[in-house]
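K.L.:
Got a sequence here, can you model it:
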Amino acid sequence: DLDIVASNDINEEVLHSLNKQGHAITVFGIGTNLVTCQAQPALGCVYKLVEIDSKPRMKMSQDFEKVLIPGRKVAYRLFGEKGWPLLDLL
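P.N.:
Numbers count the residues shown, from 1 in each chain. Below is the predicted model:
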């Protein structure tokens, strides 16, 4: 079995259009349009799943910048001599 997931600004109009075209999508990610008023601005956020039961997961995409390195990450913040943060490393 294979699930096909679609997300990214999906609303009622998009769902109707996809249904008219016929599709094989089994899961829809509907977030912002489900919980916010369209007349009000909303912050678009993305959650990237990287691991399930200690098994790495990887997002595949045609956009290189959307592909992530699989597995759990550890973040480190580096500070300069005066105590100000310089950069974060994963």
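
K.L.:
In the chain, what helix or strand scores lowest on average pLDDT?
P.N.:
Ranking every helix and strand in the chain by mean pLDDT, DSSP states H and E puts helix 32-35 at the bottom, with a mean of 70.

K.L.:
That one: what's the following helix or strand?
P.N.:
strand 51-52 (DSSP states H and E).

K.L.:
which secondary structure elements does that next one contact?
P.N.:
Strand 51-52 sits against no helix or strand, with contacts defined as 3 or more C-beta pairs under 8 Å, 6 or more residues apart in numbering; DSSP states H and E. The C-beta positions use only the backbone N, C-alpha and C, and glycine is treated the same way.

K.L.:
Show residues contacting it.
P.N.:
Residues outside strand 51-52 that contact it (C-beta atoms under 8 Å, 6 or more residues apart in numbering): Arg57, Pro70, Gly71, Arg72.

K.L.:
neighbouring strands for that strand, and are they parallel or not?
P.N.:
When sheet partners are counted by DSSP bridges, strand 51-52 sits next to strand 55-56 (antiparallel).

K.L.:
Include pLDDT and distance to Asn11 when you put the contacts of strand 51-52 into CSV, please.
P.N.:
Shown next, in CSV, are these (pLDDT from 0 to 100; distance: C-beta to C-beta, whole Å):
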residue, pLDDT, distance to Asn11
Arg57, 88, 27
Pro70, 86, 31
Gly71, 87, 33
Arg72, 87, 33
